[in-house]
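below: sequence and its predicted model.
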Amino acid sequence: YSADPTSPFYQTVKEVYDASLVLTDDQKPMANFWKDVPGVSSPGHWVSILQQLIKQQQTPLEKGALAYALTGAACNDALIACFAGKYNYNLVRPITYIREVMGQTTWNSFLTTPAHPEFSSAHSSLSMASAVVIEELFGQNINFTDHTYDYLGYAPRTYPTIFDMAVEAGISRFYAGIHYKKSIDAGFFQGHKVAMNIFSKTITNQARTTLK
């Protein structure tokens, strides 16, 4: 942390501020699509993605049950790890720094800033953990269209891979004005580690290959 305008931290926050001034017609819907409240919650969004994929691929019952269990565990463990870090580092959110340090007293994030610390990004962590689990079980390079929020009138979004969905979920929080990119990257790393830990304790590489 630093309030010095020449510091790396100041530039990290300024990156959020500068992006907020020029949000595009794709970045705004992206942020809204992944805000998840009101909606199905962030873990619920990934369960919805998994449900759609299971139906799309006509997945056998035993594999579907395993996928639900491991995706749920990934979301749960990623959030536990993430929030332990949040209250350990207790890093200030962009809105506080931009208003109080940069002097932009009327600035608001595009989405409402959550009432908990900044580092790391929960969306990034749980999304990457879920995506890694799903790709480990179903394979990579799955083109997928997410219809989770059709019922709210949001246009479905299409992705070349499940991994790309996780990346968009994370970066959407930058465009929403509520996370620094470094917090998002840390969340990706954290989520990947969580998923790998789950697989190391629950299922062998050979079994994973058999399930795909």
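That came through fine.

CA atoms of whichever strand or helix holds residue 99 as PDB?
Under the criterion DSSP states H and E, the helix or strand holding residue 99 is helix 94-100. In PDB, the C-alpha atoms belonging to helix 94-100 read as follows (Å, rounded to 0.1, in the frame of the first residue of the first chain):
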ATOM      1  CA  PRO A  94     -10.700   0.900  -5.100                       C
ATOM      2  CA  ILE A  95     -13.700   3.200  -4.100                       C
ATOM      3  CA  THR A  96     -12.100   4.100  -0.800                       C
ATOM      4  CA  TYR A  97      -8.700   4.900  -2.300                       C
ATOM      5  CA  ILE A  98     -10.100   6.700  -5.300                       C
ATOM      6  CA  ARG A  99     -12.200   9.000  -3.200                       C
ATOM      7  CA  GLU A 100      -9.900   9.500  -0.200                       C
END
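
what comes into contact with stretch 43-63?
Applying CB atoms under 8 Å, 6 or more residues apart in numbering, the contact partners of stretch 43-63 are 34, 36, 39-40, 64, 67-68, 71-72, 75-76, 79, 126-127, 130, 134, 137-138, 142, 144, 146-148, 162, 165, 169, 211. For glycine as for every other residue, the C-beta is placed from the backbone atoms N, C-alpha and C.

returning to what we had before: list of residues touching the helix holding residue 99?
For helix 94-100, contacts defined as CB under 8 Å, 6+ apart pick out 13, 16-17, 104-105, 107-109, 113, 118, 177-180.

out of the residues you listed, which is most surrounded?
Among the contacts of helix 94-100, residue 179 has the most neighbours (other CB atoms under 10 Å), with 29 neighbours.

which residues does that one contact?
If you count contacts by CB under 8 Å, 6+ apart, then residue 179 has 16, 94, 118, 121, 123, 124, 173 around it.

again, 10 Å this time
Taking CB atoms under 10 Å, 6 or more residues apart in numbering as the criterion, residue 179 is in contact with 16, 93-94, 109, 113-114, 118-124, 170-173, 186-187.

end-to-end on stretch 24-39?
Distance across stretch 24-39, first residue to last, is 23 Å (CA to CA, to the nearest Å).

so where's the chain uncertain?
Regions of the chain meeting the criterion pLDDT under 70 cover residues 204-212.

looking at it, which helix is longest?
If you go by DSSP state H, the chain has its longest helix at helix 61-89.

of the contacts of stretch 43-63, just the buried ones, ChimeraX syntax please.
Per 16 or more other CB atoms under 10 Å, the buried members of the contacts of stretch 43-63 correspond to this ChimeraX selection:
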select :34,36,39,40,64,67,71,72,75,79,126,127,130,134,137,138,142,144,146,148,162,165,169,211
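
give me the nearest residue to residue 1, chain neighbours excluded.
Closest residue in space to residue 1, ignoring its immediate chain neighbours: residue 9 at 5.6 Å, by CB to CB, 6 or more residues apart in numbering.

now for the one you found: which residues touch it?
If you count contacts by CB under 10 Å, 6+ apart, then residue 9 has 1, 2, 3, 91, 92, 97, 101, 180, 182 around it.
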